[in-house]
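>>> next input, structure requested:
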Amino acid sequence: MLAEYLPTLLFLIVAGGIGVALIIVGRMLGPKTPSVEKLLPYESGFNAFEDARMQFNVRYYLIAIIFIVFDLEIAFVFPWALVFRELGAFGLVEMGTFLALLVIGFAYVWKKGALDWE
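Numbers count the residues shown, from 1 in each chain. Modelled structure (predicted):
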């Protein structure tokens, strides 16, 4: 029974060997010219200018969570669209209810001002 796993094991060994070999070749043949500018911390196009523990506004996280929720809700619409003909009227009513709840949630978030970026 373990013989069935032999091709997978060989694949993992070969893939790991190639990965390690490429890292070693890159370290041996790659350029090694460190300078002061190359060794400086660099993030997002700017030099580090504050402590890494600075606080973010909670609105940033709120917008991110709202985006994820609405983005994931849209993921439910695509499979529904594929089987729309088989579901018939029942599927139409169910998706209409789902989208109505989504619109109500969106209106609530908008009314509360969560989408306003100051």
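>>> next, the buried residues of the strand or helix carrying Leu102.
Under the criterion of DSSP states H and E, Leu102 resides in helix 84-112. Neighbour-count burial for helix 84-112 flags Met95, Leu102, Val109 (criterion: 16 or more other Cβ atoms under 10 Å). Using the backbone N, CA and C atoms, a C-beta is placed for each residue, glycine as well.
>>> measure how far the helix or strand containing Ile66 is from the centre of its chain, please.
Counting by DSSP H and E, the element that carries Ile66 is helix 58-82. Put simply, helix 58-82 sits 12 Å off its chain's centre (Cα atoms, centre = their mean, to the nearest Å).
>>> and for stretch 87-100?
29 Å.
>>> just the mean pLDDT for that stretch, thanks.
Per-region confidence: stretch 87-100 scores 90 on mean pLDDT.
>>> which one of the buried residues of helix 84-112 sits closest to Ile63?
For those, the residue nearest Ile63 by Cβ to Cβ is Val109; the value is 9.8 Å.
>>> surely the closest one and Phe67 touch.
No: taking contacts as Cβ atoms under 8 Å, Val109 lies outside contact range of Phe67: 10.9 Å.
>>> tabulate the buried residues of helix 84-112 (JSON lines), appending distance to Gly30.
Listed next are the buried residues of helix 84-112 as JSON lines, based on distance: Cβ to Cβ, whole Å:
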{"residue": "Met95", "distance to Gly30": "55"}
{"residue": "Leu102", "distance to Gly30": "51"}
{"residue": "Val109", "distance to Gly30": "50"}
